[in-house]
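Engineer: Here is my input; please provide its structure:
(one chain, ligands or ions: 1)
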Amino acid sequence: MKIAFLGPHASFTQLAAAQLFPDDELLPQASILDCFNAVENGEAVKAVVPLENSIEGTVSMTLDYLYKTPSIKIEAEAVMPIAHHLMIHPENSIENIERIYSHPQALAQSFHFLDTHYKEIPKQDFSSTAAAAKFVSENPDTPIAAVANQFAANLYGLKIINRNIQDFEQNHTRFIIISKQQNKYQNVQLETLGEKSGMLITLPEDHPGGLHQVLSVFAWRKMNLSKIESRTLKTGLGNYFFFINVEGPWQEVLHGNALQELESINVNVDFLGNYKEFLLES
Ligand SMILES: O=C(O)C(=O)C[C@]1(C(=O)O)C=C[C@@H](O)C=C1
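Structural biologist: Okay, the predicted model is just below:
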């Protein structure tokens, strides 16, 4: 089976995908959008993409494409510890470094470290941590560094200058498996952390108590929400959709009726699936 992931090789997303799909063919993609497109056009059956980080919060691109591509659902979540290292080409010296490249999430997760120790050096966004490491390895004559993981340093032959530069010790990223089927991904080798449902909700129009009405549908059924995040609809300031997680197994009648009740008050619901959350190794 073909599994797309945000590449290139040695990205954090690949480390997650390799643990979730050890026997499948992993297809590196240049961006999160390309991962969604690969699933949408059938080039890959599933994809692994980042959804949320414990320091930096939601990966907004993933949320946006979940909203924009209603045919794509979630099969599982997987949480992985994240450790960032600053690395250079072994022929270079850190004293000469003029620019630090990485994925915006990684630069943000290491912001205070980089600001304290390398304040004067400009930081530049790259499509992934691994792409930044690869670029550094391919340009030995350019005085640049990358923030990436240990596997990227090994694969691209880079020298680690500073280890574990993430600003908080507890740094975890939540990845999701997306696909067009509403299959339940199972894996008895991995530790299961829990079960939840994901949905995207759009309110009909702005009116007093609109969100309260939605929340009350969950509240009186004792459906526990573990996440609610608003994201701009891009149709004008103040227009949002909501990503909601409901904890626990899906109960057809009770929970199914909740969705019907939401639709009866003209709330648009895109149910993304009921799925398990797994724990991965770093
Ligand atoms: O750049 C990578 O290596 C990725 O896999 C992306 C990503 C992200 O978007 O959150 C994944 C995990 C880390 O949080 C940093 C970057």
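
Engineer: Tell me the buried residues in stretch 268-282?
Structural biologist: Residues of stretch 268-282 classed as buried by neighbour count (16 or more other C-beta atoms under 10 Å): 269-278, 280. All C-beta atoms are positioned from the backbone trio N, CA, C, and that covers glycine.

Engineer: Just send the residues you listed back as JSON lines, with distance to Gln29 too.
Structural biologist: Putting the buried residues of stretch 268-282 into JSON lines (distance: C-beta to C-beta, whole Å) gives the following:
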{"residue": "Val269", "distance to Gln29": "29"}
{"residue": "Asp270", "distance to Gln29": "23"}
{"residue": "Phe271", "distance to Gln29": "26"}
{"residue": "Leu272", "distance to Gln29": "20"}
{"residue": "Gly273", "distance to Gln29": "22"}
{"residue": "Asn274", "distance to Gln29": "27"}
{"residue": "Tyr275", "distance to Gln29": "22"}
{"residue": "Lys276", "distance to Gln29": "24"}
{"residue": "Glu277", "distance to Gln29": "23"}
{"residue": "Phe278", "distance to Gln29": "22"}
{"residue": "Leu280", "distance to Gln29": "19"}
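
Engineer: ok, of these, which one's closest to Leu107?
Structural biologist: Leu280 (22.5 Å; C-beta to C-beta).

Engineer: leaving aside the residues next to it on the chain, what's closest to that closest one?
Structural biologist: Using C-beta to C-beta, 6 or more residues apart in numbering and skipping the chain neighbours, the partner closest in space to Leu280 is Met80 (4.0 Å).

Engineer: got the phi/psi numbers for the one you found?
Structural biologist: phi -130, psi 140 (degrees, to the nearest 10).

Engineer: and it, how many neighbours does it have?
Structural biologist: Met80 has 21 neighbours, counted by other C-beta atoms under 10 Å.

Engineer: for Val39, same thing?
Structural biologist: 26.

Engineer: Confirm that it sits in a strand.
Structural biologist: No. Going by DSSP: H, G, I helix; E, B strand; the rest coil, the assignment for Val39 is helix, not a strand.

Engineer: returning to that earlier point: pretty sure the residue nearest to Leu280 sits against Ile176.
Structural biologist: No. Met80 is not in contact with Ile176 according to C-beta atoms under 8 Å; the separation is 12.0 Å.

Engineer: contacting residues for the nearest residue to Leu200 once chain neighbours are set aside?
Structural biologist: The shortest distance from Leu200 to any non-neighbouring residue, by C-beta to C-beta, 6+ apart, is to Asp270 (4.2 Å). Neighbour list for Asp270: 67, 70, 199-201 [criterion: C-beta atoms under 8 Å, 6 or more residues apart in numbering].

Engineer: Return the per-residue confidence for the residue of the stretch 151-282 of the chain found nearest the ligand.
Structural biologist: The stretch 151-282 of the chain approaches the ligand most closely through Thr173 (3.8 Å), counting by C-beta to the nearest ligand atom. In this prediction, Thr173 carries a pLDDT score of 98.

Engineer: Tell me which residue is most central in this structure.
Structural biologist: In the chain, the residue lying closest to the centroid (C-alpha atoms, centre = their mean) is Pro50, at 1.6 Å.
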